[in-house]
Structure formats: structure tokens, C-alpha cells
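**Student:** what follows is a predicted structure for the sequence shown.
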Amino acid sequence: MAKRSIRDLDVHNKKVLLRVDYNVPISKEGAITDDKRIIETLPTIRYLLENDAVVILVTHLGRPEGKVVESLRLDRVAQKLSTLLGKPVRKLDSVIGPDVTEAVAHAKPGDVLMLENVRFLKDEKTGSEELAKSLAALADVYVDDAFATAHRPDTSVAGVPQFLPSAAGFLLEREVRVLETVTTSAKRPFVAILGGAKVSDKIGLIKNLLTKTDAILIGGGMAFTFLKAMGYGVGFSLVEEDYLKVADEILESAKAQGTRIVLPVDVVVTAEIKAGNPHRTVDIEEIPADQIGVDIGPRTIEAFTHETSNARTIIWNGPMGVIEIPEFTEGTKALARAIASNKEALTVAGGGETASVIDALGLQDDFKHVSTGGGAFLEYLEGKQLPGIEAIDSAD
Ligand code: ADP
Ligand code: MG
């Protein structure tokens, strides 16, 4: 059922509790290395400010597991937001309590406040009604723009909207609209490209996509469990022995449903996963017993590129090779470029590593949509209900 949009919620002059996901990567030196998740919420914040709202931001950062961890305080995040927004952001040192209540009481329309890291409270993870009510008491309405946390039943995500009128912010709305389109009304051919390390992480995803797509292209470490299940020797490549049977079942089920599963025909192999180590391309019939498959080869790149150029809907999750080593990123880069160059298709990518590759290549604007979600993106595509979306009021 459609959820209420921020456009259809009366936010004028209201105190708005805005849940965002500013769980951004931070370097050892303490610098924010990727601010995409902050930037993507600016339209919602600006809209609220134009409507003379008081914006009270709630986010988590890292996994403090219910206690105060100094390095996970939000000062730097608030500073970054302030720079991007071009106005002061008042960062508070607690999540709830008298100081917060007082700061909120004195806030004026157009003020931006940020509560301390909500995961400093263990009740964020318990679905505590008490914490939900305390947070709700700070505001008149609740807006959720934290798509990347939508798969978590956390108190500030799923609990607070039980006690306030709620709506989806522009980012959450856009993420959900795109995923809804690909899962319910994708233009054909619909091609999914899946990579990454493990089959076990992505079984639910593959099974659900089998029912919707025309073809699933599988690269990355995941491909070797499938290749082994088909009887190929894969040397020391990553294989999940416990999942050979599942891989077999998936291949059978694909056949029965008429969905093509396209696997690599050649791979890059090396004796050791290490920068500068010798490596070469072999056909999959010829993977040496003492070598590891670390990337897709040129013939596979060509075949995958051909598939993507014909598609009208493309979703991509997971690198095609061991992207931590520059030499083994060729397949992933080639695929990213191939997908980005298809301007006829709805091109959607998601996943932490996947999004960072796209950013590193400067291709973010060449995709129709790069999700801010990893787990939430995958769970939506697995066909699961996300608590963070469920909790938002329905559209009238
Ligand atoms: P995302 O974060 O985009 O969802 P994943 O976390 O599923 O992607 O996968 C990323 C990981 O997959 C990387 O750490 C990469 O090294 C690993 N990977 C890709 N190909 C291989 C391979 N052939 N062997 C081992 N690991 C691989
Ligand atoms: Mg990852």
C-alpha cells in the first residue's frame, strides 16, 4: 500500500522528528570519506526549512551497542551537514533527557537540531515503547528518510511513528518508488547482475529475482559455487560447499521458470590474492587446481555487456571480482560502464561496495538510481516487508 509522502503531511511551523541514516564511513583520522547519505537527505531538510519547521534529526552511527562510544559521537556528522546545508546545525550531546527537551522547546522555525547517536541507548534496539514515546514527545510529526535503515525494526525507525503522524521523506520515497517499479512493473528484458563473495548472502535475492527477471548474470566469488555444482573444477576459488545443493536447485528452478542464469565462461586466476601477484585469464574448463578465481575474464565481460545492452531494466548488486586489489577490478569496472551506458534502461544499483565502485568511476549520475541502502536494498528485492516502510502511515 502506498505510504504518505512528506508533501501530504502538514509540516508548516511544526516540530519535525526526521529519521535519517547518517551512518557514513569515517577514516581512522576521523574524516567522513563518503557523504552521499547526507547529501541525499538535503532536499527533505530544505523542504522542511522552507516550511518553517523545526528539524530534529535522529540518526545512528556505527555499532555502539547501547553505550556511549566517544568516537561515535555525531559532532563531525553535524559539522558536515552544516557545511552542506550552509547553516548552523545544533548538535546535542544526548538523545533524550532535560537538555534535549529544553533545546527543542527553545528552537525557532528554521532551526536544525541533531540528537546524539541514537544507538548509544540500548532501547534503540529493543523496540522500547518508552523510548519511542520519549522521542515522539519531542515533535509534532515524524518523517522517515532513513531508507538504509528501513530493514531494521529499531525503535526510532519502527516505534516512533506509532505515536506521531508520519510520512516518507523525498529520499525514502524515491528509493521505494524505484524498487517498486523494478519488482512490479519492470520493462523487459529485465536483467539482474549479481556478484560479491557469497551465495549464502544472496539466496533469497536470487530466488525472488528468478520469478521476475529474464536473466541473472552471476559473477564474483558467488559464481564458483555454481560452477562447481555444474561439475567444473574451480581450484582454490571461493566455494561454499554447504551450498552446492542450493546452487543446483537454483539452476533447476531457473530452467523450470525459463529464466536464464548466465555464468562466467572465463576467469582471471592467481596463486595468491595479493597486489602485484602474477595472474592470467583461463576458460572455466581450465581453472588450474592450485589457483583462485578473482575476476571475470574478457569473454565474460563481452557476454555480460551484450546482455546489459539489450536490457530495459537492470539491477546490479555485488562486484565481479576481488575489488580490494586494483588488478582484479577490471570486470567490475567494465560492467559498471556497460550498465551506465545503457540510457534506454532503468538502471539501478545497490550495495556498499557496488555503490563505492560506481562513485570511484564517477558514474553515479549515469545510473538512473544508486541506492543508499545495502541490507535494505537487498531485503526489499528478496521480497521482504521492511519494518521502516511498514511503520509509515498509509497515503489517504
Ligand atoms: P556489496 O557491498 O556491493 O553488496 P558484497 O559485500 O556482496 O557487495 O561483495 C563484496 C565482496 O565480494 C568484496 O569484498 C570482494 O572482494 C568479494 N569478491 C568478489 N569476487 C570475489 C572472488 N572471486 N573471490 C572472493 N571474493 C570475491
Ligand atoms: Mg558489502
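**Tutor:** Received the coordinates, thanks. Ligands and ions are numbered 1, 2, ... in the order given.

**Student:** who's in contact with the closest residue to Ala289 other than its chain neighbours?
**Tutor:** Spatially, and ignoring its direct neighbours in sequence, Ala289 is nearest to Gly235 (5.2 Å; Cβ to Cβ, 6 or more residues apart in numbering). C-beta coordinates here come from the backbone N, C-alpha and C atoms, glycine included. Listed by Cβ atoms under 8 Å, 6 or more residues apart in numbering, the contact set of Gly235 reads 269, 287-293.

**Student:** just Lys228 next, same as before
**Tutor:** 234, 239, 244, 247.

**Student:** narrow the residues you listed to those that are buried.
**Tutor:** 234, 239, 244, 247 (16 or more other Cβ atoms under 10 Å).

**Student:** the last one reaches Ala229, doesn't it?
**Tutor:** Meaning Ala247. Yes - assessed by Cβ atoms under 8 Å, Ala247 is found in contact with Ala229 at 4.0 Å.

**Student:** which residues are in contact with the residue of the stretch 101-250 of the chain found nearest ligand 1?
**Tutor:** Closest to ligand 1 within the stretch 101-250 of the chain is Gly196: 2.4 Å, counting by Cβ to the nearest ligand atom. Residues in contact with Gly196 (Cβ under 8 Å, 6+ apart) are 202, 220-222, 317-319, 351, 353.

**Student:** need the pLDDT of it.
**Tutor:** The score at Gly196 is 95. That number is its pLDDT.

**Student:** before we move on, what about the one 10 residues further on?
**Tutor:** Residue-level confidence at Ile206 comes out at 96, pLDDT.

**Student:** before we move on, what about Met1?
**Tutor:** Looking at Met1, the pLDDT reads 62.

**Student:** ok so, going back, ligand 2 next: which of the contacts of Gly196 are close?
**Tutor:** Among those, proximity to ligand 2 is found for Glu353 (Cβ under 5 Å from the ion).

**Student:** out of the contacts of Gly196, the closest to ligand 2 would be?
**Tutor:** Glu353 (4.6 Å; Cβ to the ion).

**Student:** residues in contact with that closest one?
**Tutor:** Contacts of Glu353 (Cβ under 8 Å, 6+ apart): 196, 318-319, 323.

**Student:** for PyMOL, what selects the buried ones among those residues?
**Tutor:** Here is the PyMOL command that selects the buried residues among the contacts of Glu353 (16+ other Cβ under 10 Å):
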select buried, resi 196+318+319+323
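
**Student:** could I get the contacts of Glu353 in JSON lines, plus columns for secondary structure?
**Tutor:** Below are these laid out as JSON lines (DSSP: H, G, I helix; E, B strand; the rest coil):
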{"residue": "Gly196", "secondary structure": "coil"}
{"residue": "Gly318", "secondary structure": "coil"}
{"residue": "Pro319", "secondary structure": "coil"}
{"residue": "Ile323", "secondary structure": "coil"}
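
**Student:** pull out the buried positions in stretch 42-62.
**Tutor:** Neighbour counts over stretch 42-62 (16+ other Cβ under 10 Å) mark 44-45, 47-49, 51, 53-61 as buried.

**Student:** farthest-separated two in these?
**Tutor:** Farthest pair in those (Cβ to Cβ) is Asn51 and Leu61. Separation: 27.3 Å.

**Student:** quick one on the thing from earlier: which among the contacts of Gly235 count as buried?
**Tutor:** Buried residues within the contacts of Gly235, counting neighbours by 16+ other Cβ under 10 Å: 269, 287, 291-293.

**Student:** please save the CA atoms from stretch 292-305 in CSV.
**Tutor:** This file holds the C-alpha atoms of stretch 292-305, laid out as CSV (Å, rounded to 0.1, in the frame of the first residue of the first chain):
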residue,chain,number,x,y,z
ILE,A,292,42.0,-18.9,-7.2
GLY,A,293,39.4,-17.2,-9.5
VAL,A,294,39.5,-13.5,-8.7
ASP,A,295,37.7,-11.7,-11.6
ILE,A,296,35.6,-12.4,-14.7
GLY,A,297,37.6,-12.6,-17.9
PRO,A,298,37.2,-10.6,-21.2
ARG,A,299,34.9,-13.1,-22.9
THR,A,300,32.6,-13.0,-19.9
ILE,A,301,32.7,-9.2,-19.9
GLU,A,302,31.7,-9.2,-23.5
ALA,A,303,28.8,-11.6,-22.9
PHE,A,304,27.6,-9.7,-19.9
THR,A,305,27.9,-6.4,-21.7
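
**Student:** report the buried residues of that stretch.
**Tutor:** Those would be 292-297, 300-301, 303-305, for stretch 292-305 by 16+ other Cβ under 10 Å.

**Student:** is there contact, residue-wise, from that stretch to ligand 1?
**Tutor:** Yes - applying Cβ under 6 Å from any ligand atom, one finds stretch 292-305 touching ligand 1 at 293-294.

**Student:** how about the residues of this structure that lie near ligand 2?
**Tutor:** Residues of the chain lying close to ligand 2 (Cβ under 5 Å from the ion) are 352-353.

**Student:** what does the stretch 51-200 of the chain have sitting close to ligand 1?
**Tutor:** When proximity is defined by Cβ under 6 Å from any ligand atom, the stretch 51-200 of the chain lies next to ligand 1 at 195-197.

**Student:** for the residue most central in space within the chain, give me its contacts.
**Tutor:** The centroid of the chain falls nearest to Gly373 when counting by Cα atoms, centre = their mean (1.9 Å). Neighbouring residues of Gly373 by Cβ under 8 Å, 6+ apart: 147-148, 150-151, 175, 350, 380.
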